[in-house]
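3D, please:
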Amino acid sequence: MSAEGERSRRTALRWTVLGFAALTILFSGTFPPFANPNELSRIEMVVAAADLSTFAIDPVLHRLGDHEDKSIADGKTYSNKAPGLALAAIPVYRLLRAALPSPSRPSEPIVPILRFLTVSLVCALALARLGRRLSAQANPAVAPLIVAAVAFGTPFLFYGRSFFAHAWTAALLFLSWDLLRVCEERRAIRRMGLWVVAAGFLAGWAVISEYSLAPVALLLCLRAAAHRTWRTAGFFGFGAAIALAILAVYNAICFGSPWVLSSAREAYPAYNQLSAQGLFGFGPPSARIAAAYLFHPARGILLFSPFLLWSIPGFLRWWRSRENRPDCAFCLAGTSLFFVVMTGYPNWHGGWSLGNRYLLPVVFFPALAIGYALATPLSRGLFAASVVLAAATHLVLTSSWPYFPENVPWPAATGSGWFLARGWIAPGLWDGIPGGAGLALAIAALAVAVPLVLALRCAAPTSPRPAVAALLGLAPLVALLLRPPELTFDGRLWRAAIYGSYSGRDAERSELRAVALSAATPEEQRRAMGAWRAYGPR
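From the prediction side, this is the model:
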């Protein structure tokens with residue numbers, strides 16, 4: 001690559017990371033008065049531990065809000081989430097408390113600042129390191145486009161600005177692998193044993209943040225011994241064991257035994273029944289769930305992020321290239337094994353969520369393979385079109401209410417587009433500023449568009465040309481927005497109820513009333529009455 005091309009590549013990568021960071025700052029990730037139980041459960045644990053020196057969240061439930069994501073032990077209430085993210089956030093929260101008051105609501109400034117300093121910064125660092133790794137491959141010119149695809153064309157964009165653990169663990173796993181590679185490249189395992197321990201600790205912390213990642217972490221430990229350096233695997237395993245020991249202490253304090261997880265003490269009956277099935281809620285792999293993960297119109301990863309298809313030929317060509325085969329084997333095995341394991345989870349759709357959040361933790365590993373599949377102008381042109389489609393889709397999805405049930409297919413058009421047409425923009429720094437909503441959308445669009453334009457220039461030549469590829473990518477989304485599919489009665493009822501309850505733009509619930517009055521069967525009328533009682537005007 002020429003010196004000018006190298007400068008362009010670095011500039012594009014820098015703007016991608018900055019654009020991602022800007023979006024995590026611009027939007028708060030909260031939708032008051034709604035508080036997502038997944039996030040709220042962790043936030044309450046942080047506040048209780050830092051302010052009241054207890055992991056029990058009973059003292060803060062009345063202040064921050066009750067929810068179903070909790071566990072009960074010895075008459076006390078705890079978060080039912082794996083504790084890794086909350087434990088990491090406690091010292092950050094303590095520092096913030098030196099200048100900010102304890103929150104009385106989940107939307108107060110200390111909460112999004114805490115999220116940014118824990119989840120968002122780690123995610124941005126992982127994107128920067130991904131760019132460095134891709135730039136060291138045989139086709140570095142496509143590195144900015146692949147990084148932009150992960151940053152803007154997957155749920156990583158939204159969960160990187162939320163207090164969920166999915167993007168956080170994706171970043172931790174990748175940084176663990178990256179740190180291991182740094183040690184190997186410097187051929188200084190003996191002198192850098194502490195850094196290998198740190199790599200293992202990151203992988204272990206990912207596991208205690210999302211228990212389902214244990215098989216991937218185990219494969220990463222085996223990867224540490226790929227060059228017959230069992231000393232490296234020992235160091236790595238020791239680091240992971242430190243994180244697991246912290247989990248054991250937490251479990252002993254909260255649930256009376258180091259071997260009892262929070263999921264075994266679920267307070268919500270439906271969750272308790274789910275976790276009691278199979279192995280911690282996981283059963284045998286299911287072809288039906290596998291197909292839903294890939295193609296469901298409300299969750300399908302290949303519909304939301306079609307550029308990931310290029311990882312299939314990418315892995316094949318990576319292996320044939322004989323370049324870093326241990327890494328190729330780990331990335332392919334880790335991604336495949338995690339996918340198979342997750343197909344055994346009955347709650348595959350994740351409730352109200354944006355896209356496919358359960359598969360997000362391994363998103364960096366197929367991304368490492370994609371560059372090997374982009375050797376020709378045609379492959380780069382088609383890939384560019386798919387990246388533009390994915391990025392534009394997620395820009396629309398994250399610009400308004402982001403939590404959709406599985407009965408709202410094609411949510412960018414049937415949900416987000418519908419909300420945006422009625423002026424409902426995701427809350428953020430612009431709140432209270434006249435004309436701030438339009439300004440926020442413009443900044444968000446630029447934060448995505450500028451890195452994509454720079455990345456497309458780096459990837460040239462493409463066939464079709466970058467401008468044409470971008471138009472081809474935008475065309476399906478524009479068509480869906482102009483002619484969105486018709487929702488079922490339940491989907492329309494849910495959409496109207498959410499809009500009336502949380503947008504602040506329909507106090508009289510006129511949208512909900514219109515849908516309720518359209519009920520055509522006794523069953524629809526029954527559901528309409530239930531929705532009106534739950535979400536009607538107070």
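
Surely P59 is in contact with A48?
Yes - using Cβ atoms under 8 Å, P59 is in contact with A48, at 6.1 Å. Where you see a C-beta, it was placed from the backbone N, CA and C, and this is true even at glycine.

Comparing those two, which residue is more hemmed in?
Using other Cβ atoms under 10 Å, the more surrounded residue of P59 and A48 is A48, with 24 against 14.

Can you classify the more buried one as helix, strand or coil?
helix (DSSP: H, G, I helix; E, B strand; the rest coil).

which ones are touching it?
A48 sits next to 54-57, 59-60 when contact means Cβ atoms under 8 Å, 6 or more residues apart in numbering.

Which pLDDT value goes with it?
You'll see A48 listed with a pLDDT of 96.

Could you check how far it is from R63?
The spacing between A48 and R63, counted by Cβ to Cβ, to the nearest Å, is 10 Å.

where does the stretch 151-300 of the chain have low pLDDT?
Residues of the stretch 151-300 of the chain meeting the criterion pLDDT under 70: 187-192, 227-228, 266-281.

helix or strand right after the lowest-mean-pLDDT helix or strand in the chain?
Ranked by mean pLDDT, DSSP states H and E, the helix or strand of the chain with the weakest confidence is helix 269-276, at a mean of 55. Counting by DSSP states H and E, the element after helix 269-276 in chain order, helix or strand, is helix 287-295.

Now do the buried residues in stretch 166-178.
For stretch 166-178, burial by neighbour count (16 or more other Cβ atoms under 10 Å) applies to 166-178.

Which stretches in the stretch 401-538 of the chain count as strands?
Using DSSP state E, counting those that start in this stretch, the stretch 401-538 of the chain contains no strands.

where do the helices sit along it?
Using DSSP state H, counting those that start in this stretch, the helices of the stretch 401-538 of the chain run over 411, 417-421, 436-459, 466-482, 489-502, 510-517, 522-535.

got those as JSON lines, with distance to F27 columns?
Putting the helices of the stretch 401-538 of the chain into JSON lines (distance: least, Cβ to Cβ, whole Å) gives the following:
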{"stretch": "helix 411", "distance to F27": "17"}
{"stretch": "helix 417-421", "distance to F27": "14"}
{"stretch": "helix 436-459", "distance to F27": "8"}
{"stretch": "helix 466-482", "distance to F27": "20"}
{"stretch": "helix 489-502", "distance to F27": "15"}
{"stretch": "helix 510-517", "distance to F27": "24"}
{"stretch": "helix 522-535", "distance to F27": "24"}
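
right, so those helices: which one is the most enclosed?
helix 411 (a mean of 29; mean count of other Cβ atoms under 10 Å).

From the contact counts, what lies against that helix?
Identification of packing neighbours for helix 411 by 3 or more Cβ pairs under 8 Å, 6 or more residues apart in numbering; DSSP states H and E yields no helix or strand.

10 Å instead?
helix 377-397, helix 417-421 (3 or more Cβ pairs under 10 Å, 6 or more residues apart in numbering; DSSP states H and E).

among the ones you listed, which is the most enclosed?
helix 377-397 (a mean of 23).

List the contacts of the residue nearest to I110 when sequence neighbours are not counted.
Nearest residue to I110 in three dimensions, chain neighbours excluded: L100, at 4.4 Å (Cβ to Cβ, 6 or more residues apart in numbering). For L100, the contact set (Cβ atoms under 10 Å, 6 or more residues apart in numbering) comprises 93, 108-111, 113-114.

Tell me where the model's unsure across the stretch 1-150 of the chain.
Along the stretch 1-150 of the chain, segments meeting pLDDT under 70 span 1.

need the helices for it, in chain order.
Going by DSSP H, counting those that start in this stretch, the stretch 1-150 of the chain shows helices at 3-26, 37-52, 58-64, 84-96, 110-115, 121-135, 143-152.

I'd like to know which elements the third one is packed against.
In other words, helix 58-64. Checking 3+ Cβ pairs under 10 Å, 6+ apart, helix 58-64 ends up next to helix 37-52, strand 70-73, strand 76-79.

Buried residues, the top helix by length along the chain. List them.
In the chain, with assignment by DSSP state H, the single longest helix is helix 230-255. The neighbour-count check on helix 230-255 (16+ other Cβ under 10 Å) flags 232-237, 239-240, 243-244, 246-248, 250-251, 254-255 as buried.

cool, and stretch 256-266?
260-266.

Return it as PDB; C-alpha atoms alone will do.
C-alpha atoms of stretch 256-266 as PDB (Å, rounded to 0.1, in the frame of the first residue of the first chain):
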ATOM      1  CA  GLY A 256     -24.700 -18.900  50.200                       C
ATOM      2  CA  SER A 257     -22.500 -21.000  47.900                       C
ATOM      3  CA  PRO A 258     -19.700 -20.300  45.400                       C
ATOM      4  CA  TRP A 259     -21.400 -22.800  43.000                       C
ATOM      5  CA  VAL A 260     -24.900 -21.200  43.000                       C
ATOM      6  CA  LEU A 261     -25.500 -18.700  40.200                       C
ATOM      7  CA  SER A 262     -28.100 -15.900  40.300                       C
ATOM      8  CA  SER A 263     -30.100 -17.700  37.600                       C
ATOM      9  CA  ALA A 264     -30.800 -20.500  40.100                       C
ATOM     10  CA  ARG A 265     -32.700 -18.000  42.400                       C
ATOM     11  CA  GLU A 266     -34.900 -16.300  39.800                       C
END
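
Out of the buried residues of stretch 166-178, which is nearest to G160?
A167 (4.3 Å; Cβ to Cβ).

Any idea how many residues pack against P33?
Count around P33 with other Cβ under 10 Å applied: 12.

where does it sit relative to L40, distance-wise?
With Cβ to Cβ as the criterion, P33 and L40 are 12 Å apart.

now do I242
Distance from I242 to L40, by Cβ to Cβ: 29 Å.

if I pick G355, what's in contact with it?
By Cβ under 10 Å, 6+ apart, the neighbours of G355 are 154-159, 298-301, 303-305, 393-394, 397, 402, 404, 411-412.
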